[in-house]
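everything below, folded, please.
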Amino acid sequence: MIEDKERWNIRHVEKPMPHWVAPTLEKYIKEANVGRALDVACGTGRNTHFLADLGFVVDAIDLSDYALSCIREDANIIKQEVDLDHYNIEEKYDLIININYLNRSLMAQMRDALKEGGVILFETFIQAHDKPEKGSMNPDYLLEKNELLRAFCDLDIIYYEEKDIVNLRGEDARLATLVARKS
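Below you'll find the model as predicted:
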């Protein structure tokens, strides 16, 4: 864990993410009831701040203590430094967001942690099977084609797409996006 934490701290310092909100979150936030939210691998809080400003009480979880230190102190934000490889989701949420991160062991927990009517917004990278991999992404942290859809197929799917993009660091990538509601 210490090595992972140091690696992420260095990455947040040397290759900071832009501070704008994930466009998918901005577009689909209207689907969620304002209440309790979980921001998985929240980084420096670009989406956490957006949710808190809308009135959500946000559990912002990340391994990087540096990233968490960049999140403002706010009554609506509960920052938690956690090792996501060993984290258990124990609360129920109106909204769970997972942007640019993949930990397959958390997927079933996320589904189970949604309140009735709760929304999950999950967006992360996928393997591009039709061309050689580009960039430095570890294939262990890339979804297979339709894997995200299969993982949440028992929810009401609001939106699903897999597409080629240029990521926030300017690299070619393939992205899977899912917005779904628990009924």
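
where along the protein do the strands fall?
36-40, 57-62, 77-81, 93-99, 114-125, 156-166, 172-181 (DSSP state E).

okay if I get these as CSV plus mean neighbour count?
Where you see a C-beta, it was placed from the backbone N, CA and C, and this is true even at glycine. Converted to CSV, these look like this (neighbours: other CB atoms under 10 Å):
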stretch, mean neighbour count
strand 36-40, 25
strand 57-62, 23
strand 77-81, 17
strand 93-99, 24
strand 114-125, 21
strand 156-166, 13
strand 172-181, 21
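
with mean pLDDT and distance to Lys30 added, can I get the ones you listed in a markdown table?
Shown next, in a markdown table, are those (pLDDT from 0 to 100; distance: least, CB to CB, whole Å):
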| stretch | mean pLDDT | distance to Lys30 |
| --- | --- | --- |
| strand 36-40 | 98 | 14 |
| strand 57-62 | 98 | 17 |
| strand 77-81 | 97 | 21 |
| strand 93-99 | 97 | 11 |
| strand 114-125 | 97 | 10 |
| strand 156-166 | 94 | 10 |
| strand 172-181 | 93 | 11 |
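
want to throw the ones you listed into a markdown table with distance to Trp20?
Below are the strands of the chain laid out as a markdown table (distance: least, CB to CB, whole Å):
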| stretch | distance to Trp20 |
| --- | --- |
| strand 36-40 | 15 |
| strand 57-62 | 17 |
| strand 77-81 | 18 |
| strand 93-99 | 12 |
| strand 114-125 | 14 |
| strand 156-166 | 15 |
| strand 172-181 | 16 |
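
to Leu142, which of these lies closest?
With CB to CB as the measure, strand 114-125 is the member of these nearest Leu142 (5.3 Å).

tell me what that closest one is packed against?
helix 23-28, strand 93-99, helix 104-113, strand 172-181 (3 or more CB pairs under 8 Å, 6 or more residues apart in numbering; DSSP states H and E).

and the last one, how far out from the chain middle?
In other words, strand 172-181. Mean C-alpha position of strand 172-181 versus that of the full chain (CA atoms, centre = their mean, to the nearest Å) differs by 10 Å.

same question for the shortest one.
Taking CA atoms, centre = their mean, one finds helix 23-28 lying 12 Å from the centre of the chain it belongs to.

buried sites along that helix?
24-25, 28 (16 or more other CB atoms under 10 Å).
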